[in-house]
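In: got a sequence here, can you model it:
(one chain, ligands or ions: 1)
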Amino acid sequence: MKNWWEKRDPSGWIDLAGESIVRPQDLPARLSADTLRRDAVAAVFPMKVNPYVLSLIQSAEDPIGLQFIPHPAELEDTGRSSDPLAEERQSPAPQVIHRYPHRVVLLVSNQCAVHCRFCMRKRRMADPGQVSHALIERGIAYIRGNASITEVILSGGDPLMLGDDQLLSILQDLRGIPQVRLLRMHTRVPAVCPRRITESLARRMSAFHPLYINIHFNHPLELTPAAMTACHRLADAGIPLGSQTVLLKGINDDARVLCQLMEKLLFNRIRPYYIHQVDRVPGTAHFQVPIQKSLQLMNGLRGKLSGLAMPHLMIDLPGGGGKVALTPEVVVARQKDHWLVRNWEGKIYTYPCG
Ligand code: SF4
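Out: Numbering: from 1, shown residues only. Got it, this is the predicted structure:
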């Protein structure tokens, strides 16, 4: 018997647009304040809130509402680069980002179950369709032809917006490449569309070990019983789970909230992995937490949390310098409005600290 999304979408990918709210004017009465201004924002940065996430939002200003409902402040910094991390420049083949010698990102999906207002890849969201099979094949051919690539991260969009068969066929192709030892997937689906994680999908993915899944959770309110059931299904299939959290002003920039989140994740067999500074794409300045405050928050977590629950604070260096775990050792110099930070190659990058 077919699953619910396959019945609705014979092309094999999951299209939640039909059942999601994509215009602020269609939000229920409890969330309808300031609709005109929010509509203007959604015309620039698309909105998508699916019914499950909508059920978690009590007000547009609560920790879930702020992540998904367009906010007028988004129009205050539209002039920023849409690709500050230079991903397009580091793309030697379709759908591939090759920044580190042994590891690549393969962008297998343009779709997400929601649109997060702070998404660093929002430039890809305007596309209403899905990535073609032909483009993914060209990306896989690039990986196959590079003996140095040992790890592939499936990302997007969200890889779990592909249908089961499509996703498993990509995993199968990658597993057939001798030098690729490690597969990873980055997803927000267990947190924002948990019904997608069926027992059948989890069981079928377990054929591709070692397959690691990192799940994007930002607030303890996202760890609902449904989300936890989805995560337990993956963990029961033997898939090691990690979490990634984006530090967001007014949502989770509070040591108590972060402690609760990390503990709840760990207790549910999800290892806290990274806390990210929000990337400086258009429409996100109001979410920015100054790095001095982020370091203070991390200090606040140390000592309160089990070492197992302690994530790394990560920054992604502008211009394609890559990710750096922000510790005192990597900071070469501190200026009033920027820091000089050393990356893994020993190169120095400027990182704004406002
Ligand atoms: S789920 Fe991830 S990729 Fe999709 S909109 Fe949210 S942050 Fe961006």
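
In: I'd like the next helix or strand past the helix-or-strand element of the chain with minimal mean pLDDT.
Out: Using mean pLDDT, DSSP states H and E, the weakest-scoring helix or strand in the chain turns out to be helix 4-8, at a mean of 43. Downstream of helix 4-8, the next assigned helix or strand under DSSP states H and E is helix 35-44.

In: residues of the helix or strand just after that next one that come out buried?
Out: Counting by DSSP H and E, the element after helix 35-44 in chain order, helix or strand, is helix 51-56. By 16 or more other Cβ atoms under 10 Å, the buried positions in helix 51-56 come out as 52, 53, 54, 56. Using the backbone N, CA and C atoms, a C-beta is placed for each residue, glycine as well.

In: spell out which residues of the stretch 101-250 of the chain are next to the ligand.
Out: 112, 115, 116, 119, 121, 156, 157, 158, 188, 216 (Cβ under 6 Å from any ligand atom).

In: hey, what's residue 323 bridged with?
Out: Beta bridges link residue 323 to residue 316, judged by DSSP bridges.

In: ok, it - how many residues close by?
Out: 17 (other Cβ atoms under 10 Å).

In: how much space separates it from residue 174?
Out: The gap separating residue 323 from residue 174 is 22 Å, by Cβ to Cβ, to the nearest Å.

In: same question for residue 57.
Out: Relative to residue 174, and taking Cβ to Cβ, residue 57 is found at 36 Å.

In: tell me which of these two has more neighbours.
Out: residue 57 (22 against 18).

In: quick check: the more buried one touching residue 65?
Out: Yes: using Cβ atoms under 8 Å, residue 57 is in contact with residue 65, at 4.4 Å.

In: overlap in contacts, those two.
Out: residue 31 (Cβ atoms under 8 Å, 6 or more residues apart in numbering).

In: got the buried residues for stretch 29-49?
Out: Buried residues in stretch 29-49 (16+ other Cβ under 10 Å): 31, 35, 38, 41, 42, 45, 46, 47, 48, 49.

In: stretch 253-270 now?
Out: In stretch 253-270, the ones that count as buried by 16+ other Cβ under 10 Å are 253, 255, 257-266, 268, 270.

In: now do that stretch, average pLDDT.
Out: In this model, stretch 253-270 has a mean pLDDT of 97.

In: follow-up on the earlier one: pipe the residues of the stretch 101-250 of the chain next to the ligand into JSON lines and attach distance to residue 146 per row.
Out: As requested, those are exported to JSON lines (distance: Cβ to Cβ, whole Å):
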{"residue": "112", "distance to residue 146": "28"}
{"residue": "115", "distance to residue 146": "33"}
{"residue": "116", "distance to residue 146": "31"}
{"residue": "119", "distance to residue 146": "28"}
{"residue": "121", "distance to residue 146": "23"}
{"residue": "156", "distance to residue 146": "21"}
{"residue": "157", "distance to residue 146": "23"}
{"residue": "158", "distance to residue 146": "25"}
{"residue": "188", "distance to residue 146": "28"}
{"residue": "216", "distance to residue 146": "28"}
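
In: put the buried members of those residues into a PyMOL selection.
Out: Selecting the buried subset of those in PyMOL, with 16+ other Cβ under 10 Å as the burial test, is done by:
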select buried, resi 112+115+116+119+121+156+157+158+188+216
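
In: name the nearest of the residues of the stretch 101-250 of the chain next to the ligand relative to residue 70.
Out: residue 115 (9.1 Å; Cβ to Cβ).

In: ok, the spatially closest residue to that closest one that is not a sequence neighbour - contacts?
Out: Excluding the flanking residues, the one nearest residue 115 by Cβ to Cβ, 6 or more residues apart in numbering is residue 48, at 4.2 Å. Residue 48 sits next to 16, 17, 20, 21, 22, 112, 113, 114, 115 when contact means Cβ under 8 Å, 6+ apart.

In: now, of the residues you listed, which are buried?
Out: Using 16+ other Cβ under 10 Å as the burial test, those include 16, 20, 21, 112, 113, 114, 115 as buried.

In: residue 204: which of these is nearest?
Out: Relative to residue 204, the closest of those is residue 113; by Cβ to Cβ it sits at 19.6 Å.

In: the closest one against residue 189, yeah?
Out: Yes: in this structure, residue 113 is within contact of residue 189 by Cβ under 8 Å, at 5.6 Å.

In: beta partners for the spatially most central residue of the chain?
Out: Residue closest to the average C-alpha location in the chain (Cα atoms, centre = their mean): residue 216, at 5.3 Å. Bridge pairing for residue 216 (DSSP bridges) gives the partners residue 244.

In: how close does the residue nearest to residue 54 when sequence neighbours are not counted sit to residue 184?
Out: Excluding the flanking residues, the one nearest residue 54 by Cβ to Cβ, 6+ apart is residue 21, at 6.5 Å. From residue 21 across to residue 184, the span is 31 Å (Cβ to Cβ).

In: do residue 140 as well
Out: For residue 140, the distance to residue 184 - Cβ to Cβ - is 15 Å.

In: higher neighbour count, those two?
Out: residue 140 (23 against 19).

In: need the contact list for the more buried one.
Out: 106, 170, 173, 174, 177.

In: could I have the buried ones of those as PyMOL selection syntax?
Out: Applied in PyMOL, the following selects the buried portion of the contacts of residue 140 according to 16+ other Cβ under 10 Å:
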select buried, resi 106+170+173+174+177
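
In: so which of the contacts of residue 140 comes closest to residue 99?
Out: Nearest member of these to residue 99, counting by Cβ to Cβ, is residue 106, at 12.7 Å.
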